[in-house]
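Undergrad: Build me a model:
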Amino acid sequence: MTIAEKMVAEKMAAEQAVAGQAAAGQVVAEQTWSGRWVADRVGIGLDGSERLPELVGLALRSGNPRRAHLLVSTVLGKHVPQRPAVVHGVGVELGRSVRELLGAAAEGAVVLGYAETATGLGHSVADGLGVPYLHSTRRPVPGVESVGGFEEEHSHATTHLLLPSEPEFLCGDGPLVLVDDEFSTGQTILNTIRELHALQPRSRYVVVALVDLRSAADRRRLEEAAAELGVRIDLVATASGSVRLPEDVISRAERLIAEVGEPTPLPDAPPASLVRVELGWPAGLPDGGRHGFTGDDRARLEAVLPALAGELASALPAGAGRVLVLGCEELMYAPLRLAGALDDLLGGDRVRCSTTTRSPVLAVDDPGYAIRTRLAFPAHDAPADGASRERYAYNVAPGADPARRFDAVVLVVDDVADTPALHEGERALLNQLRLVTDRVVLAVLPSYKPVPVPEPLPVPQPEPLPEPLYGPEFSSYPKEDVAWLLKDLSGVALEAPTEEREEAVQNGGAHYAESLPVEYQPSPEYQELFRQALDGSARRIALAVGTVAETLLRERGPGLVLASLARAGTPVGVLIRRWLAFAHGLDVPHYTLSIVRGRGIDQVALRYLAAHHRPADVVFVDGWTGKGAITRELAEALTGTGFDPALAVLADPGRCVRTYGTRDDFLIPSACLNSTVSGLVSRTVLRAGLIGPGDFHGAKHYLELAAADVSREFLDAVAGWFDEVRPSVREGAERLAADPDRTPDWAGWAAVERISAAYGIDDVNLVKPGVGETTRVLLRRVPWRVLARRGVGADLDHVRLLAGQRGVQVEEVDELPYSCVGLIHPRYTRGATGANGRAV
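TA: You can find the predicted model right below:
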């Protein structure tokens, strides 16, 4: 894979894009950088190209716990009013650079822009490249089926839909050009490429952005993804650099926002006149790229722009010196081109353009801050996220500087957005605009409808979802630690003798998840071994917990949702949740759900998670890996669900996951016991007659074992080390992020196959590698023998004790990749081998 980081020339000549205009990338620099106010007070800094401060300022987001700051482009025509020749010219020049990069392959390219901020930029890039254009949208359109979608990790509004008028629009095999205003982490781009590559594989992608601010780790992640997919990904940007953020940037920003308070109210003045203009927009011409925009559409628009500009000019007041053309959210390109044509007609560099937005941002009327003023108004386009949501227009009101006042504002919306909410009430956008200018001109474009809208069909109502279980009614964990996505089977007799279960499983008469083993009652000697193991490994576990938690926070953001795999993963999920609360003050949701080898994950539990959270936010966690069977089961079960199948574990001796605390095979004391270290909950059950199609998988709460419960003792012992290991955790997480060798190599699975062949075992599921899995064999199955790596000491004391109690041979071997491996009896029947499985 090649990543060509091609920088657009610092001196962009707009004469190539708009004849007679000044340089398209040349922005008149104010004496004060529009990011200085934030930089001085929050400690955020920009490093990189000299042009970076010229292209972006800084502001503070409000209501977004994922990201404190906003990079405010001065050339995008979104938050900051800008000359239309500059806005269009920057995009056109980027498109020409892409054409130069692609050469002959440019003829088959398609451009995809991101809603809402880059819809106009992407369209301008397509103009420069001379190819068809489509942008993502957050507005569902009745009768138009989405051909795909993806999530934007840090955005205020995250879900993107792809609604081309023809499903074949994205089905070519030519290069796909993805355009966004900034390239910060690359996660949104990766989400898009993975989604569209599954829909239509292609060999080449080009990513275009005004600024590239990725870290070295982000760059490696893109390279790894390209190698994994077998594609080439190139990057074209106007400027590059990085953003320096203090560790406590979120809390600093929140304090500063609270100190600044509400923006200055609008002036108490008579409202300006409102003029509605009926533009002669050509029938059938798309108003943007929501459903696709072709070369023929481009030619039709270019031909009609002068006449449309004349219609707008006739509605302006005589002698209007400063005119703003204001677009509406995703509707950026048509207002931009209308503004350019109007500026050409009026002359004198009088017209600026910008657009309303969904993003809530703090306004501070200071020359060193990018968002000087704010108009907040109700959404007026019947949005999918609720009409009560606010929308915003920035830097439209003049604030304290009368020189910033516009003599007229031309508001351009489509007919879907021309609703009573736009007109009625003192907070309506039109009524607020009338208080900050001398005339408001309203131009309404027909929203392009690619297909007739059929009558809506009745929507089948999904089955009601069951509710989670909580402690102390179910489990000995506090309610806030975990929500159990399980059905309570405590009153059902499910236990069977170990030998009986083993025989039924091996002869195909039953699945291991259809019954439960009799709960092991530890002897005093074994309980003492557990406490010794806990004393000896609590710090090591705390370090692994913190490393995993910090890695997840770095890669998935503070909005993550923990989903542990019951029950070995449950205490791990509780500990990760406690670390995030301890280290970052986060209250992260934690659920635990069932996955059964050979049967898959609990689909009802997945439905519950998807109904209450974004699937992309859900992180699956477990205690450790053995050979990787559950890792594979999870990946297969989550295919096509929207959930990320990546599994995070404390210990990955099997080398089959990317997120782990360690790859050493060491004793996690929670593996030593069954329910008494897992909240007094059994392993999960999936049996017809007990679990219906609308039920979670089941489990039992062994309240009668409360006297022997050490679940909280285990958690408290590990959490007690959190403060001491915090510096080491930070170092460990940074090493893991920088480690290029995190890719799973499945060495554990290969080792299991070698052991299976060496000991004549036909079924790899009877080979259980690692300390945790070996312990499970000795507690729940009919063990045949234990292989122990020569020289392993105290980590295997409990294994040796259990093996002695079960009469099982412990065989020391060399060159074992695990501390130990448990072998289940491969040909067990009570008649042929004896009840204990040892007489062959």
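Undergrad: Tell me the spacing between L196 and G642.
TA: The spacing between L196 and G642, counted by CB to CB, to the nearest Å, is 15 Å. Placement of C-beta: from N, CA and C, glycine included.
Undergrad: can you check R67 too?
TA: 22 Å.
Undergrad: Now do the helices for the stretch 651-800 of the chain: every range, in order, please.
TA: 711-719, 722-738, 747-758, 771-780, 797-806 (DSSP state H, counting those that start in this stretch).
Undergrad: How about the stretch 1-150 of the chain?
TA: Going by DSSP H, counting those that start in this stretch, the stretch 1-150 of the chain shows helices at 36-42, 52-55, 84-102, 119-129.
Undergrad: out of these, deepest packed?
TA: Highest mean neighbour count of the helices of the stretch 1-150 of the chain: helix 119-129, a mean of 29 (counted as mean count of other CB atoms under 10 Å).
Undergrad: Can you spell out which helices and strands pack onto that helix?
TA: helix 84-102, strand 110-113, strand 133-135, strand 176-183, strand 204-212, helix 333-346 (3 or more CB pairs under 8 Å, 6 or more residues apart in numbering; DSSP states H and E).
Undergrad: let's see 6 Å
TA: helix 84-102, strand 110-113, strand 133-135, strand 176-183, helix 333-346 (3 or more CB pairs under 6 Å, 6 or more residues apart in numbering; DSSP states H and E).
Undergrad: Now do the nearest residue to V42 once chain neighbours are set aside: how many residues are near it, please.
TA: Nearest residue to V42, sequence neighbours excluded (CB to CB, 6 or more residues apart in numbering): R252, at 5.0 Å. For R252, the neighbour count with other CB atoms under 10 Å is 18.
Undergrad: Flag the shaky bits of the stretch 401-550 of the chain, pLDDT-wise.
TA: Low-confidence segments of the stretch 401-550 of the chain (pLDDT under 70): 451-457, 459, 497-512, 520.
Undergrad: run the last query once more with 90
TA: Scanning the stretch 401-550 of the chain for pLDDT under 90 picks out the ranges 401-402, 425, 449-464, 491, 493-537.
Undergrad: So which residues make contact with stretch 642-661?
TA: 544, 547-548, 551, 572, 615, 618, 620-628, 631, 634-635, 638, 662-663, 665, 742, 744-748, 770, 818 (CB atoms under 6 Å, 6 or more residues apart in numbering).
Undergrad: that older thread, so between R67 and G642, which is more surrounded?
TA: Higher neighbour count among R67 and G642: R67, with 18 against 15, using other CB under 10 Å.
Undergrad: Just the ones of the contacts of stretch 642-661 in strands?
TA: V618, F620, V621, D622, G623, W624, T662 (DSSP state E).
Undergrad: doesn't G573 make contact with the third one?
TA: Spelled out, it's V621. Yes - with contact defined as CB atoms under 6 Å, V621 reaches G573; the gap is 5.2 Å.
Undergrad: shared neighbours, these two?
TA: With CB under 6 Å, 6+ apart as the test, V621 and G573 both reach L562, S564.
Undergrad: distance between the lengthiest helix in the chain and the chain's centre?
TA: Taking DSSP state H as the criterion, the chain has its longest helix at helix 524-556. With CA atoms, centre = their mean, to the nearest Å as the basis, helix 524-556 stands 28 Å off its chain's centre.
Undergrad: buried ones in stretch 53-71?
TA: 53-62, 64, 67-71 (16 or more other CB atoms under 10 Å).
Undergrad: ugh, typo on my part, it should be stretch 348-363
TA: 350-363.
Undergrad: and if you look at stretch 796-809?
TA: L796, D797, H798, V799, L801, L802, A803, R806, V808.
Undergrad: Touching it from outside, list them.
TA: Contacts of stretch 796-809 (CB under 6 Å, 6+ apart): Y526, L529, C672, T774, L778, P783, R785, V786, A788, V810, C820, R838.
Undergrad: switch to 7 Å and redo it
TA: Around stretch 796-809, the neighbours that count as contacts under CB atoms under 7 Å, 6 or more residues apart in numbering are 525-526, 529-530, 533, 672, 771, 774-775, 778-779, 783, 785-786, 788, 810, 819-820, 836, 838.
Undergrad: Let me see the mean pLDDT of it.
TA: Averaging pLDDT along stretch 796-809 yields 88.
Undergrad: go on, stretch 348-358?
TA: Mean predicted lDDT for stretch 348-358 stands at 95.
Undergrad: and the nearest residue to L71 once chain neighbours are set aside, what does it touch?
TA: Spatial nearest neighbour of L71, chain neighbours left out: V56 (4.7 Å); criterion: CB to CB, 6+ apart. Residues near V56 by CB under 7 Å, 6+ apart: L71, V72, S73, T74, V211.
Undergrad: what do you get for A118?
TA: For A118, the contacting residues are V179, D180, D181, by CB under 7 Å, 6+ apart.
Undergrad: Select from the residues you listed the one having the most neighbours.
TA: Busiest of the contacts of A118 [other CB under 10 Å] is V179, holding 30 neighbours.
Undergrad: quick one: that residue and V323, what's the gap?
TA: Taking CB to CB, one finds V179 at 28 Å from V323.
Undergrad: again, but for S136
TA: 30 Å.
Undergrad: Against S682, how distant is V771?
TA: Counting by CB to CB, the gap from V771 to S682 is 22 Å.
Undergrad: A39 too?
TA: For A39 relative to S682 (CB to CB), the value is 56 Å.
Undergrad: again, but for A408
TA: 72 Å.
Undergrad: quick one, phi/psi of the nearest residue to R427 once chain neighbours are set aside?
TA: Residue nearest to R427 in three dimensions, not counting chain neighbours: F377, with 5.5 Å by CB to CB, 6+ apart. Main-chain torsions, F377, degrees, to the nearest 10: phi -150, psi 160.
Undergrad: now do A115
TA: According to degrees, to the nearest 10, A115 has phi -80, psi 150.
Undergrad: got a list of what it touches?
TA: By CB under 7 Å, 6+ apart, the contact set of A115 is H135, S136, T137, R138, H160, E330.
Undergrad: ok, now R350?
TA: G321, R322, V323, D343.
Undergrad: how about these in JSON lines, adding secondary structure?
TA: Shown next, in JSON lines, are the contacts of R350 (DSSP: H, G, I helix; E, B strand; the rest coil):
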{"residue": "G321", "secondary structure": "coil"}
{"residue": "R322", "secondary structure": "coil"}
{"residue": "V323", "secondary structure": "strand"}
{"residue": "D343", "secondary structure": "helix"}
